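Student: Let's see this in three dimensions:
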Amino acid sequence: MSLFIHVPWLLCVFQCWGAVISGSIPVLHGEVQSPGYPAPYPPSLHEIWDLLVPQGYTLNLTFTNIDIELSEDCYYDSIMVMFGKRFLGRFCGRNHVSKGDRPGKYSIMSPGNNLRLVFKTDSSSPGSHRYSGFSAIYQAVDINECTTEFDKGYMCHHFCSNTLGGFVCSCRHGYQLQPDNSTCFPVDCGFPVPKNGTLRVVSKIPKTLYQNEIQFGCESKYYRLEGDDVYRCEAQGYWRSLNGSRNLPKCVEGIVNLLY
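Tutor: Numbers count the residues shown, from 1 in each chain. Below you'll find the predicted structure:
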C-alpha cells in the first residue's frame, strides 16, 4: 500500500480556481466518486465537484478509497482538495479501506461550509494496473459559535446557546436583546412625568435604566403628591415604588388657607 499526499502551503503549483459555488444545493451529507468508479478511470480528465453544506456548519470530507496512479508530487494523476484559492491537499497512490472499518484515515475539515474537489488525469493510459480512482463521503459538522472568538469578540454580549446550525443570544435579567440579536442593553423605563409634577433621578447614574431610582414631586406648593414618591426601574420595563406599588403618583390640588 502506498499513498502520496502533497500539500503545498504557500503557492499554487499549477493552477488556482475560485471557490464560487454555482448551482450547488446545500446538503447535510453526500458521497462523491471518480467517473465510473470502481471501474478504471479514463485519461485526460479534468473533473470538478463543488461540495456545499448549509450555513452554520463546516464540511468534513473523508476518503473511503484512493487508487490513483502514483507519481512524484502527484504530477500526472491526482485528486485535489481546495477551499477558495487555498490548497488543502493533493492525493495519489493507493489507500484501500477494509469493509466495515471507519471510512478512511484521510479526513479533511473545511474552514467553511464548502470544498472544491479537482480530479485530474494525464493523457496516457492508466497502464496494466487499471486504477479505480477515488471514493469519498462528506458531512456537515455543526459549528459551536458560542466558543468561537471573532474580531469584535464573541458572538453574544451576555449568554450564547448553541443550536443545530446556528446559535441564540440572550441577556441577563434586566437587559434587552437589541435588533442585531447579539448586543444587550439595560431596560429603560423612561420618564413618566405626572401632570403638574416634577421628576428627578436620584441614582448615582442619572439615567432611567434598570435598578435606577427616580423621585416624584409637584411643581407648585398648591399641589400635593398623592402616592409614593420614590420608584425603581424594574426588569420588565415599568416603575415600582419602594413600597411595592406600580401605581404612579398624582399631583392633586391641596387646601389653601387664605388670610384676609
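Student: going forward, measure contacts and count neighbours with C-alpha atoms only.
Tutor: Will do.
Student: Low-confidence ranges, the protein, go.
Tutor: Along the chain, the model assigns pLDDT under 70 to residues 1-24, 95-106, 125-129, 150-153, 255-260.
Student: wait, what's in contact with the nearest residue to residue 76 once chain neighbours are set aside?
Tutor: Using C-alpha to C-alpha, 6 or more residues apart in numbering and skipping residues adjacent in sequence, the residue nearest residue 76 is residue 122, 5.4 Å away. By C-alpha atoms under 8 Å, 6 or more residues apart in numbering, the contact set of residue 122 is 43-45, 76-77.
Student: Separate out the buried members of those.
Tutor: Buried members of these, scored by 16 or more other C-alpha atoms under 10 Å, are 45, 76-77.
Student: which of the contacts of residue 122 lies closest to residue 181?
Tutor: residue 45 (47.9 Å; C-alpha to C-alpha).
Student: Point out the other helices and strands that the helix or strand residue 217 falls within packs with.
Tutor: Residue 217 belongs to strand 213-218 when assigned by DSSP states H and E. Applying 3 or more C-alpha pairs under 8 Å, 6 or more residues apart in numbering; DSSP states H and E, one finds that strand 213-218 contacts strand 197-201, strand 223-226, strand 230-233.
Student: which stretch among those strands comes nearest residue 217?
Tutor: Here strand 197-201 is closest among these (C-alpha to C-alpha), at 4.9 Å.
Student: Would you map the strands across the stretch 51-200 of the chain?
Tutor: Ranges of strands in the stretch 51-200 of the chain, per DSSP state E, counting those that start in this stretch, are 57-68, 78-83, 86-95, 107-109, 114-120, 133-142, 149-150, 153-154, 159-163, 166-170, 175-177, 184-186, 197-201.
Student: Let me have those in CSV, extended by mean neighbour count.
Tutor: Conversion of the strands of the stretch 51-200 of the chain to CSV gives the following (neighbours: other C-alpha atoms under 10 Å):
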stretch, mean neighbour count
strand 57-68, 23
strand 78-83, 22
strand 86-95, 21
strand 107-109, 16
strand 114-120, 21
strand 133-142, 22
strand 149-150, 10
strand 153-154, 12
strand 159-163, 15
strand 166-170, 17
strand 175-177, 19
strand 184-186, 18
strand 197-201, 17
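Student: Could you chop this structure up by domain?
Tutor: 29-142, 144-186, 199-253 (the TED database).
Student: Go through the ones you listed and name the closest to residue 192.
Tutor: Comparing these against residue 192 with C-alpha to C-alpha, the closest turns out to be domain 199-253 (8.0 Å).
Student: contacting residues around stretch 180-187?
Tutor: Contacts to stretch 180-187, defined as C-alpha under 8 Å, 6+ apart, come from residues 155-158, 168-171, 174-178, 209-210, 234-237.
Student: Distance from it to the middle of the chain?
Tutor: Between the centre of stretch 180-187 and the centre of its chain there are 18 Å (C-alpha atoms, centre = their mean, to the nearest Å).
Student: Any idea how far apart the tips of that stretch sit?
Tutor: End-to-end distance for stretch 180-187, by C-alpha to C-alpha, to the nearest Å: 16 Å.
Student: any chance of the strands of the stretch 51-200 of the chain in a markdown table, plus distance to residue 28?
Tutor: Listed next are these as a markdown table, based on distance: least, C-alpha to C-alpha, whole Å:
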| stretch | distance to residue 28 |
| --- | --- |
| strand 57-68 | 9 |
| strand 78-83 | 18 |
| strand 86-95 | 21 |
| strand 107-109 | 14 |
| strand 114-120 | 11 |
| strand 133-142 | 5 |
| strand 149-150 | 25 |
| strand 153-154 | 26 |
| strand 159-163 | 15 |
| strand 166-170 | 14 |
| strand 175-177 | 31 |
| strand 184-186 | 33 |
| strand 197-201 | 55 |
